[in-house]
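S.K.: Sequence and predicted structure below; questions after.
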Amino acid sequence: MAEAETLEKSADQNPDQTSAVDKGVPPEGVSPPRADRSTGAAKASESDTDGGKPSNVIWPADWRKRVAGEDEKLLKKAERYTDPAAVFKALTEAERRISQGFKPAELTDKSTDEEVKAYREQNGIPESWDKYATDIGNGVVFGDEDKPIIDHFLEHSHKANMPQKYVTAALSWYHDLQQEQQAQVDEADIEHQTNTTVELKETWGGEYRQNLNAIKGVLNSIDTELFDVLFSSRDQNGVLLGSNAQVLKAFAQLVRQANPAAILAPGAVEDSKKSIDQEIADIQKAMAVPSYGRLPQAERDKKFQRLLDLNAAKERIGGSADPRSLDVSA
């Protein structure tokens, strides 16, 4: 009651001043109603929300001009949208696509030729597989031996609509893989050749080079390129036949049996007979020296075996063995 009397008293004392309520100012904490939309400003509906749904809003007719200002380009963009709500939806969709990563439209079995053409132009895909560029830089040029594989790859890449940049990356990988594999093969070839040389020198001793020359001479007498063609081939394990000790030993044995003179003294048969006779004479002369008996047993056995081989070869090419060469009493 005291407050009411105070207010009335105050109003009587100040007749020109009306209360805030009388002036249409709402009490503190209460929002004023919006003006009529027809005047260009927003107006509140009977309820700002209807069952949780936003009320319909009428925007000023010149809202695009207000947003764009003097920017003509921005104004043209704004003209694409019916109202600010459409702008907001477009912005939200753009943010969603950016956050998820932009995914361009994909072709389907139902895509038209025009859609396929447009898609390929948009993604750097040539109109046909043979229009792909195969230059991967660094002066790399693929050889004729690579062409069938690369052409096959390009055909399938085009069917799968692979962009040029991915084709180039794949071709670069293919080249690097070839280089790596070739380096591994070269390294293995050197290792096999080294091991075979050591093994054959231990087995053949001083006849190592002579045996290899004999094999080459006999094979090339059939065809001048046969030796290189045969021994540059590879076995089931990828080892060059020229680095396969087992193969070389077998060929040496075959050559010895087919033409002993080729192993012992390569050349014409008559020249081979003379060479064999001369070597037999040299060995016999060495064995006749008193100091020969003081040589290591292994060395004397080797010379004796050499005499046996020489006599066997001489018999096979039409000569007769020298019985004196079998006398080891010296």
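M.R.: Okay, I see it. Numbers count the residues shown, from 1 in each chain.
S.K.: and Ile276, how many neighbours does it have?
M.R.: The number of residues packed near Ile276 is 22, by other C-beta atoms under 10 Å. Quick note: C-beta positions are derived from backbone N, CA and C, even for glycine.
S.K.: My read is that it contacts Glu315, right?
M.R.: No. Assessed by C-beta atoms under 8 Å, Ile276 is found out of contact with Glu315, at 10.2 Å.
S.K.: List the buried residues in stretch 86-95.
M.R.: Judged by neighbour count using 16 or more other C-beta atoms under 10 Å, the buried positions of stretch 86-95 are Val87.
S.K.: can you list contacts of it?
M.R.: Outside stretch 86-95, the residues within contact range by C-beta atoms under 8 Å, 6 or more residues apart in numbering are 78, 81.
S.K.: The chain should start at 57 in everything you say after this.
M.R.: Sounds good: first residue 57 from here, last item stretch 142-151.
S.K.: From the chain's centroid, how far away is that stretch?
M.R.: Mean C-alpha position of stretch 142-151 versus that of the full chain (C-alpha atoms, centre = their mean, to the nearest Å) differs by 42 Å.
S.K.: tell me the mean pLDDT over that stretch?
M.R.: Averaging pLDDT along stretch 142-151 gives 88.
S.K.: Could you check the pLDDT of Gly349?
M.R.: 87.
S.K.: Now do the same for it: helix, strand or coil?
M.R.: Here Gly349 takes the helix state, with states given by DSSP: H, G, I helix; E, B strand; the rest coil.
S.K.: quick one: it from Lys341, how far?
M.R.: Look at Gly349 and Lys341: by C-beta to C-beta, to the nearest Å, they are 15 Å apart.
S.K.: Output the contacting helices and strands for the longest helix anywhere in the chain.
M.R.: Looking across the chain with DSSP state H, the single longest helix is helix 220-260. Packing partners of helix 220-260 (3 or more C-beta pairs under 8 Å, 6 or more residues apart in numbering; DSSP states H and E): helix 203-215, helix 264-278, helix 301-314.
S.K.: Show me what counts as buried in the last one.
M.R.: The neighbour-count check on helix 301-314 (16+ other C-beta under 10 Å) flags 301, 303-305, 307-308, 311-312 as buried.
S.K.: pLDDT check: weakest of the residues you listed?
M.R.: Arg312 (77).
S.K.: Break the chain down into its domains, please.
M.R.: Residue ranges for each domain of the chain read 119-156, 169-234, 248-382, as given by automatic domain parsing.
S.K.: could you dump these to TSV with distance to Asp242?
M.R.: Shown next, in TSV, are the domains of the chain (distance: least, C-beta to C-beta, whole Å):
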stretch	distance to Asp242
domain 119-156	49
domain 169-234	12
domain 248-382	11
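S.K.: any idea which of those domains is most buried?
M.R.: domain 248-382 (a mean of 15; mean count of other C-beta atoms under 10 Å).
S.K.: For the protein, which helix or strand comes out least confident on mean pLDDT?
M.R.: Lowest by mean pLDDT, DSSP states H and E among the helices and strands of the chain is strand 105-106, with a mean of 46.
S.K.: Quick check: Ala117 is in a helix.
M.R.: No. Counting by three-state DSSP, Ala117 is not part of a helix but coil.
S.K.: confidence score at it?
M.R.: 87.
S.K.: what do you get for Ala98?
M.R.: At Ala98, pLDDT is 41.
S.K.: before we move on, what about Ser167?
M.R.: pLDDT, Ser167: 89.
S.K.: Surely it touches Arg176?
M.R.: No. Using C-beta under 8 Å, Ser167 makes no contact with Arg176, being 10.8 Å away.
S.K.: from the buried residues of helix 301-314, which single one is nearest Gly193?
M.R.: Using C-beta to C-beta, Val303 comes nearest to Gly193 of those, at 42.4 Å.
S.K.: for the closest one, what are its contacts?
M.R.: Here Val303 is in contact with 291, 297 (C-beta under 8 Å, 6+ apart).
S.K.: how about 6 Å then?
M.R.: Applying C-beta atoms under 6 Å, 6 or more residues apart in numbering, one finds that Val303 lies in contact with Leu297.
S.K.: That one and Ile114, how far apart?
M.R.: Distance from Val303 to Ile114, by C-beta to C-beta: 96 Å.
S.K.: go on, Phe144?
M.R.: 16 Å.
S.K.: do the same with Asn293
M.R.: From Asn293 to Ile114 the distance is 86 Å (C-beta to C-beta).
S.K.: likewise Ala174?
M.R.: Ala174 sits 40 Å away from Ile114, going by C-beta to C-beta.
S.K.: Arg362 too?
M.R.: Arg362 is 119 Å from Ile114, by C-beta to C-beta.
S.K.: Same check on Ser277?
M.R.: 106 Å.
S.K.: Then Phe287?
M.R.: 94 Å.
S.K.: what does Val311 give?
M.R.: 107 Å.
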